[in-house]
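Visitor: take a look and give me a structure for this.
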Amino acid sequence: MPHDTHSRPATARRSTNLSGTIRVPGDKSISHRAFMFGGLASGETRISGLLEGEDVLNTGKAMQAMGAKIEKIDGEWIIKGVGNGALLAPETPLDFGNAGTGSRLTMGLVGVYHFESTFIGDASLSKRPMGRILDPLRQMGVQVKSSDGDRLPVTLHGPETANPITYRVPMASAQVKSAVLLAGLNAPGTTTVIEPVMTRDHTEKMLAGFGAELSVETGRDGVRTIRLLGQGKLSGQTIDVPGDPSSTAFPLVAALIVPGSDIIISNVLMNPTRTGLILTLQDMGANIEVLDKRLAGGEDVADLRVRSSALKGITVPAERAPSMIDEYPVLAVAAAFAEGTTVMLGLEELRVKESDRLSAVAEGLTLNGVDCAEGEASLTVRGRPDGKGLGNAGGEVKTHLDHRIAMSFLVMGLASEHPVKVDDSAMIATSFPEFFDLMTELGADMDVEGSIAQ
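Guide: Numbering: from 1, shown residues only. Take a look at the predicted model:
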């Protein structure tokens, strides 16, 4: 899928009473892993509800390049996997586009194989640090060639037999934890990951679902120890991917800040490692009702009814950051319409996302008249509940090729006095291709330059 290189500015204007029922696309984290584990497992895996954004499709292409057969039939993805330990050497470099998760997890999965694999990506991904993945792989015996600062392009060559390691994850990162566990699938003996702060646990849940021998112990201090027995058999599974909480965040915050709104978002993943934003908004006074809680594929799922609410500023504790790291940009937008001051702490990880997300959010807020202060690892926002004076019809928010920055500020424009314009919306397709359709379906007034958002 060639990426549209032309930027597509988009504008959002003040809207009223959003209403209706929508289903957001499948969870991105689970979609990446479904393609990977399905491609690796023996037999057939069937996936419905997959997020068909560019990032996830690039992971699928990488698995195809290493021997998996993947096709879509009647809305369902059917995968015939190669069997654990049987990936083939890719003939050309694996291009992950903008996908941080896809590239880092696949490095773990394939890096330990006794052949050469090369990873490339777009300009944004090529700036992101890969050392956090490459360090444990080096300990397992993988030879690494990379650009300065352990950035892409990266070429890996695994040893004849990888060493299983015990690795204590130095930062709260589900990607690092997952990469080490995936590398352990092709190493003899037990690979152990020690996680001081719990992060999203889809890798552990799905590996167990595919038949891996895996145990998780949580100590009294909350430290988790995950042990994986390598070189076991994985068997194909049927997966219905629940709705992405990070995508849910955009219509959810829009309904809270747009007066008179009352919407239902169905089939949302409610895994406790991913619900930080919902908890935080509820602490701020958000009217979010959790309906029909149920289990789907080992994950908690529910429908959310969201009504416009008078929000109040709070201090968001640093320890909540891992469970909502991707949601801070849109939380900052909610805070701009809350009464009083919202302080967000523990945000150092935002500096190494698709962009320096912390400074990008602060710049966008300032441009649109929001009183905010950016700290080294914090953001303080003083809100205006009526949106008076907010927005800026003249200036464009610089998105820095970051889909979450683009969507967050478009949500802001739905409740601010003046329109909000972002310099580019083309990259929204990487994670949430249906964003404009779903938002306009609810009654949001937004459009993309050169085309009406249909």
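Visitor: how about the helices in the chain?
Guide: Per DSSP state H, the chain carries helices over the ranges 28-40, 54-65, 100-111, 123-126, 131-139, 174-184, 202-209, 245-257, 276-283, 328-336, 357-367, 403-413, 435-442.
Visitor: redo these as JSON lines? Include distance to residue 86, mean neighbour count and mean pLDDT.
Guide: (Each C-beta comes from the backbone N, C-alpha and C, glycine too.) Converted to JSON lines, those look like this (distance: least, Cβ to Cβ, whole Å; neighbours: other Cβ atoms under 10 Å; pLDDT from 0 to 100):
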{"stretch": "helix 28-40", "distance to residue 86": "8", "mean neighbour count": "28", "mean pLDDT": "96"}
{"stretch": "helix 54-65", "distance to residue 86": "12", "mean neighbour count": "23", "mean pLDDT": "96"}
{"stretch": "helix 100-111", "distance to residue 86": "12", "mean neighbour count": "27", "mean pLDDT": "97"}
{"stretch": "helix 123-126", "distance to residue 86": "28", "mean neighbour count": "16", "mean pLDDT": "92"}
{"stretch": "helix 131-139", "distance to residue 86": "20", "mean neighbour count": "19", "mean pLDDT": "97"}
{"stretch": "helix 174-184", "distance to residue 86": "15", "mean neighbour count": "27", "mean pLDDT": "97"}
{"stretch": "helix 202-209", "distance to residue 86": "17", "mean neighbour count": "21", "mean pLDDT": "93"}
{"stretch": "helix 245-257", "distance to residue 86": "33", "mean neighbour count": "27", "mean pLDDT": "97"}
{"stretch": "helix 276-283", "distance to residue 86": "38", "mean neighbour count": "21", "mean pLDDT": "97"}
{"stretch": "helix 328-336", "distance to residue 86": "40", "mean neighbour count": "28", "mean pLDDT": "98"}
{"stretch": "helix 357-367", "distance to residue 86": "38", "mean neighbour count": "22", "mean pLDDT": "96"}
{"stretch": "helix 403-413", "distance to residue 86": "34", "mean neighbour count": "29", "mean pLDDT": "97"}
{"stretch": "helix 435-442", "distance to residue 86": "38", "mean neighbour count": "20", "mean pLDDT": "97"}
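Visitor: among those helices, which is nearest residue 305?
Guide: helix 245-257 (9.2 Å; Cβ to Cβ).
Visitor: CA atoms of the closest one as PDB?
Guide: The C-alpha trace of helix 245-257 is given here as PDB (Å, rounded to 0.1, in the frame of the first residue of the first chain):
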ATOM      1  CA  PRO A 245      -9.200   1.500  23.500                       C
ATOM      2  CA  SER A 246      -6.800   4.000  22.000                       C
ATOM      3  CA  SER A 247      -9.100   4.600  19.000                       C
ATOM      4  CA  THR A 248     -12.200   4.600  21.400                       C
ATOM      5  CA  ALA A 249     -10.500   7.600  23.100                       C
ATOM      6  CA  PHE A 250     -11.300  10.000  20.300                       C
ATOM      7  CA  PRO A 251     -15.100   9.600  20.000                       C
ATOM      8  CA  LEU A 252     -15.300   9.200  23.800                       C
ATOM      9  CA  VAL A 253     -13.600  12.500  24.600                       C
ATOM     10  CA  ALA A 254     -15.600  14.200  21.800                       C
ATOM     11  CA  ALA A 255     -18.900  13.100  23.400                       C
ATOM     12  CA  LEU A 256     -17.800  14.300  26.800                       C
ATOM     13  CA  ILE A 257     -16.800  17.800  25.600                       C
END
